[in-house]
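**Q** Following is a predicted model, sequence given first.
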Amino acid sequence: MIVFLMLICIILFYVNTVSGCIPSQEIEPIDDFTTTTVAVDPFTTTAVPTTTTIPIDPVTTTTTTTTTTEEPTTTTTAPFCANCLQVYNNDCFGEGNPDADNWCVPVDEVPVTIDINAAGDQCSSTFQCPSGTFASFDYGEPTEESGVNAGMDPVTITCAETGANVGRWWYNRYDSVQTYLNKVTCRKTPSPTTCSVCAPTIYDPNCYGPGFPDANDWCATEAAVSPQYSLDPFYIDQCVAEWTCPTGTYAVYESGGTVITDEVSGAFCQETGGNQGSWYATYFGNPIYFDTFKCKNLPALTCTFCLPMVYNPDCYGVDNPSNTDWCYTEAEVTVNYYRDVDTCIAAFTCPYGTDAIFDLGGTDQNAGSQVVSTLCDEFAATPGQWRIDIGGDVITKFTCKNW
């Protein structure tokens with residue numbers, strides 16, 4: 001035990017001795033540009049200072065200035081419609097107002113926009129009435145009128161931004177007919193089931209069948225023609241009449257006493273609008289009003305009432321009575337007559353050296369030396385009268401007179 005304790009004391013003594021002999025070190029503050037290190041000799045107590053200088057590059061700062069030049073901003077005002085104001089009906093309050101059958105769409109539900117053309121002289125507005133409504137136009141008449149396809153098609157109206165009619169809106173009421181309007185409205189679509197306003201009474205009641213009043217002038221009975229009246233499947237407020245004339249007859253329309261036969265077809269009638277109840281046919285692509293129609297007998301192929309034109313009886317041939325004033329005789333002029341339905345036509349050419357001269361009841365008209373045609377209506381109010389044009393002056397006589 002005593003040995004153990006002595007051993008511990010020797011160890012402790014040794015440790016203390018070594019600890020006291022370990023060299024110590026001091027560090028000087030570091031200059032921004034110089035570092036100083038102090039070296040201590042481990043075997044002596046004298047410290048020898050050692051100085052080490054580390055060069056440091058100076059810091060260079062470069063400042064770059066950038067200049068930005070902005071282009072000037074130019075504001076261009078787009079052309080707009082100043083004189084063509086909104087023409088849609090402002091007195092519309094929506095479905096059910098004032099009642100379930102009589103209401104119109106408010107302007108903000110259509111909607112209506114107005115555009116101006118490049119020239120700045122004309123404005124236009126195109127819009128589509130919502131489902132269940134139709135475009136109705138106020139032309140300043142007692143009642144309004146629906147647009148194309150009973151007002152179901154898109155609407156395009158136009159307005160003059162400059163000129164004599166500045167600020168006035170118009171609509172092509174028919175195919176090429178420009179009509180000024182006061183306002184346009186999208187109204188509730190009516191729901192007719194049968195033709196009611198358009199009465200099925202347009203067939204001529206004075207037709208009694210073949211031979212009446214005579215063999216050359218008669219028309220088929222309504223029962224034989226059997227016209228059918230129905231709502232148009234494409235134009236919801238329009239009635240149509242359809243029929244087929246029996247063999248040996250053709251359709252004749254009468255409007256205010258005038259008989260129309262050529263280039264006329266169909267029959268339709270508006271159930272609503274300003275022209276409701278009036279029947280129209282299509283004449284050269286445009287609607288034409290008519291009172292009645294009938295299926296009339298086809299006329300004979302020869303002229304019945306239109307007798308040959310009267311030729312000047314005071315003509316005696318070449319150089320008679322003089323070589324400066326003469327005309328060919330009737331026998332020397334050939335006139336061909338033929339018939340086109342109810343119109344007789346006379347065609348001829350005056351012999352060389354003469355012109356066709358028509359006496360129109362005191363006034364002469366020179367028709368020249370080319371082929372000349374004149375017309376005569378077999379069934380006019382006064383049949384048998386020859387004219388240069390239908391509706392023109394009556395020809396009392398004609399002459400082939402020298403140049």
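**A** Arrived safely, thanks for sending.
**Q** Return the distance of residue 304 relative to residue 157.
**A** Distance of residue 304 to residue 157, given as CB to CB, to the nearest Å: 53 Å. Heads up, the C-betas are built off the backbone N, CA and C, glycines and all.
**Q** what do you get for residue 395?
**A** 49 Å.
**Q** And for residue 331?
**A** Residue 331 sits 66 Å away from residue 157, taking CB to CB as the criterion.
**Q** Neighbour count: these two, which is higher?
**A** Between residue 331 and residue 157, residue 157 has the larger neighbour count (other CB atoms under 10 Å), namely 23 against 9.
**Q** Pull up the per-residue confidence for that one.
**A** Looking at residue 157, its pLDDT stands at 93.
**Q** ok, now which ones touch it?
**A** With contacts defined as CB atoms under 8 Å, 6 or more residues apart in numbering, residue 157 is in contact with 87, 124-126, 169-171, 181, 184.
**Q** Just the closest of those to residue 113, please.
**A** Nearest to residue 113 among those, counting by CB to CB, is residue 125 at 6.4 Å.
**Q** hey, what's that closest one bridged with?
**A** Per DSSP bridges, the residues bridged to residue 125 are residue 157.
**Q** does it really touch residue 110, like I thought?
**A** No: taking contacts as CB atoms under 8 Å, residue 125 lies outside contact range of residue 110: 10.0 Å.
**Q** in the stretch 151-300 of the chain, which spans are helices?
**A** 222-225 (DSSP state H, counting those that start in this stretch).
**Q** Could you pull out the strands in it for me?
**A** With DSSP state E, counting those that start in this stretch as the criterion, the stretch 151-300 of the chain has strands at 155-160, 169-174, 177-180, 183-188, 213-214, 217-218, 228-231, 238-242, 249-255, 258-260, 264-270, 279-283, 286-289, 292-297.
**Q** Packing partners of the third one?
**A** So the one you mean is strand 177-180. Using 3 or more CB pairs under 8 Å, 6 or more residues apart in numbering; DSSP states H and E as the contact test, the elements touching strand 177-180 are strand 169-174.
**Q** would you say residue 149 is within a strand?
**A** No: when classified by DSSP: H, G, I helix; E, B strand; the rest coil, residue 149 is found to be helix rather than part of a strand.
**Q** How much space separates it from residue 111?
**A** For residue 149, the distance to residue 111 (CB to CB) stands at 21 Å.
**Q** Those two - which one has more neighbours?
**A** Between residue 149 and residue 111, counting by other CB under 10 Å, residue 149 is the more crowded of the two (16 against 10).
**Q** So the more buried one versus residue 135, what's the distance?
**A** Distance from residue 149 to residue 135, by CB to CB: 9 Å.
**Q** now do residue 188
**A** Distance, residue 188 to residue 135, by CB to CB: 12 Å.
**Q** Settle it for me: which of the two has more neighbours?
**A** Using other CB under 10 Å, the more surrounded residue of residue 188 and residue 135 is residue 135, with 26 against 18.
**Q** Apart from its neighbours in sequence, what residue is nearest residue 211?
**A** For residue 211, ignoring the flanking residues on the chain, the nearest one in space by CB to CB, 6 or more residues apart in numbering is residue 218 at 5.9 Å.
**Q** Hmm, I typed the wrong one, I wanted residue 320.
**A** In space, residue 320 is closest to residue 326, 5.4 Å off (CB to CB, 6+ apart).
**Q** wait, isn't that neighbour in contact with residue 319?
**A** Yes: using CB under 8 Å, residue 326 makes contact with residue 319 at a distance of 5.6 Å.
**Q** Which helix or strand in this structure has the lowest average pLDDT?
**A** The weakest-scoring helix or strand in the chain, judged by mean pLDDT, DSSP states H and E, is strand 34-40 (a mean of 42).
**Q** ok, now how distant is the most centrally placed residue in the chain from residue 127?
**A** In the chain, the centroid-proximal residue (CA atoms, centre = their mean) is residue 156; its distance is 6.1 Å. Using CB to CB, residue 156 is found at 8 Å from residue 127.
**Q** Any buried residues in stretch 210-224, and which?
**A** 218-222 (16 or more other CB atoms under 10 Å).
**Q** mind putting those in JSON lines, distance to residue 281 and pLDDT included?
**A** Shown next, in JSON lines, are the buried residues of stretch 210-224 (distance: CB to CB, whole Å; pLDDT from 0 to 100):
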{"residue": "218", "distance to residue 281": "22", "pLDDT": "90"}
{"residue": "219", "distance to residue 281": "17", "pLDDT": "93"}
{"residue": "220", "distance to residue 281": "18", "pLDDT": "94"}
{"residue": "221", "distance to residue 281": "21", "pLDDT": "95"}
{"residue": "222", "distance to residue 281": "17", "pLDDT": "94"}
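**Q** Nearest to residue 260, out of these: which one, please.
**A** Nearest to residue 260 among the buried residues of stretch 210-224: residue 219, at 14.9 Å, using CB to CB.
**Q** Report the contact partners of the closest one.
**A** If a contact means CB under 8 Å, 6+ apart, then residue 219 has 204, 206-209, 249, 252, 294-297 as its contacts.
**Q** please redo it, this time with the cut-off set to 6 Å
**A** Neighbouring residues of residue 219 by CB atoms under 6 Å, 6 or more residues apart in numbering: 207, 294-296.
**Q** likewise residue 179?
**A** Here residue 179 is in contact with 139, 171, 173 (CB under 6 Å, 6+ apart).
**Q** Run a quick neighbour tally on the first one.
**A** Taking other CB under 10 Å as the criterion, the count of residues near residue 139 is 16.
**Q** Give me the pLDDT for it.
**A** The model reports residue 139 with a pLDDT of 88.
**Q** can you check the last one too?
**A** Among the per-residue scores, residue 173 holds a pLDDT of 72.
**Q** Need the nearest residue in space to it, chain neighbours excluded.
**A** Closest residue to residue 173 apart from its sequence neighbours, by CB to CB, 6+ apart: residue 179 at 4.0 Å.
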